[in-house]
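Visitor: could you work out the structure for the sequence below:
(2 chains)
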Amino acid sequence: SQKIEQNSEALNIQEGKTATLTCNYTNYSPAYLQWYRQDPGRGPVFLLLIRENEKEKRKERLKVTFDTTLKQSLFHITASQPADSATYLCAKYYGGATNKLIFGTGTLLAVQP
Amino acid sequence: EAQVTQNPRYLITVTGKKLTVTCSQNMNHEYMSWYRQDPGLGLRQIYYSMNVEVTDKGDVPEGYKVSRKEKRNFPLILESPSPNQTSLYFCASSLWAGGNQPQHFGDGTRLSIL
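Guide: This next block holds a predicted model:
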């Protein structure tokens, strides 16, 4: 079965540092990987997506990489701020008969001032 | 404002009492889905709909029903709720089904079944 794994332990970093979150998947590479942010009591909010033939995608202070050899995506937040504190979810998409997004359990990021 | 609206936001009810959670989107999206979120298990898809009158099971459909009579609405029905359906539920929509389509989520419905 398709699995997607994120570090269940919270990530604590100091303000101004770069936060790096990991997303690992099993079996064959998904066509797309998406990243979401979820705040307590709210629904996930879409941040970025990356295609399997892209190595890297950037949006302001956010950067996502996709390594199909390692079966891994890394999500970076540079110059982190306390307002970046949230749970970050990755999701992989498989087309064809599957045709759905499979979400990881998320990693809680806490940025200390 | 583009949004996905779920109601109610919170509900405490008893085993066996039928309930419906409504979901409405104002973005003219074709694809809609329901997820439940449980600690340690993440978001799991219950049902999805590719378009009006087209619905299909997700990973955890047992005990749930859905309908898609109009494009904007996708209600989730629990005919006979049980305590193991206590969870946080999210409705989501996207322009169409596909990995390049961001999902727009509602703010969730917290259900407690006693």
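Visitor: how about the longest strand anywhere in chain B and chain A, touching?
Guide: Assignment by DSSP state E gives strand B:42-51 as the longest strand of chain B. Yes - judged by C-beta under 8 Å from any C-beta of the partner chain, strand B:42-51 and chain A are in contact via B:Gly42, B:Leu43, B:Arg44, B:Gln45, B:Tyr48. Every residue, glycine included, has its C-beta placed from N, CA and C.
Visitor: which residues of chain B fall in strands?
Guide: Under DSSP E, chain B gives strands at B:4-7, B:10-13, B:19-25, B:31-38, B:42-51, B:54-57, B:65-66, B:76-78, B:87-94, B:104-105, B:109-113.
Visitor: could I get these as CSV with mean pLDDT, mean neighbour count and distance to A:Arg51?
Guide: Shown next, in CSV, are these (pLDDT from 0 to 100; neighbours: other C-beta atoms under 10 Å in any protein chain shown; distance: least, C-beta to C-beta, whole Å):
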stretch, mean pLDDT, mean neighbour count, distance to A:Arg51
strand B:4-7, 97, 18, 25
strand B:10-13, 96, 12, 38
strand B:19-25, 98, 19, 25
strand B:31-38, 96, 24, 19
strand B:42-51, 93, 21, 22
strand B:54-57, 93, 14, 25
strand B:65-66, 98, 18, 30
strand B:76-78, 98, 19, 31
strand B:87-94, 97, 23, 16
strand B:104-105, 98, 22, 20
strand B:109-113, 97, 18, 33
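Visitor: residues touching A:Trp35, list them.
Guide: A:23, A:46-49, A:62, A:64, A:73, A:75, A:88-91 (C-beta atoms under 8 Å, 6 or more residues apart in numbering or on different chains).
Visitor: how far away is A:Glu56 from B:Ala97?
Guide: 26 Å (C-beta to C-beta, to the nearest Å).
Visitor: brain fart, B:Phe74
Guide: 13 Å.
Visitor: which one's more surrounded, those two?
Guide: B:Phe74 (29 against 19; other C-beta atoms under 10 Å in any protein chain shown).
Visitor: not counting sequence-adjacent ones, nearest residue to the more buried one?
Guide: Of all residues not flanking B:Phe74 in the chain, B:Met32 sits nearest, at 4.1 Å (C-beta to C-beta, 6 or more residues apart in numbering or on different chains).
Visitor: what's near enough to touch the one you found?
Guide: B:Cys23, B:Gln25, B:Tyr48, B:Ser49, B:Arg68, B:Phe74, B:Cys91, B:Ala92, B:Ser93.
Visitor: and A:Lys57, what are its phi and psi?
Guide: phi -140, psi 140 (degrees, to the nearest 10).
Visitor: can I get stretch A:26-38 in CSV, CA atoms only?
Guide: Listed next in CSV are the C-alpha coordinates belonging to stretch A:26-38 (Å, rounded to 0.1, in the frame of the first residue of the first chain):
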residue,chain,number,x,y,z
THR,A,26,7.2,4.2,-0.2
ASN,A,27,6.7,2.4,-3.4
TYR,A,28,6.9,4.2,-6.7
SER,A,29,7.2,7.9,-7.0
PRO,A,30,4.1,10.0,-7.0
ALA,A,31,3.4,12.3,-9.9
TYR,A,32,3.1,15.3,-7.5
LEU,A,33,3.8,16.1,-3.9
GLN,A,34,1.9,18.9,-2.1
TRP,A,35,2.7,20.7,1.1
TYR,A,36,0.1,22.2,3.4
ARG,A,37,0.1,24.2,6.6
GLN,A,38,-2.5,23.5,9.4
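Visitor: no more questions from me, cheers.
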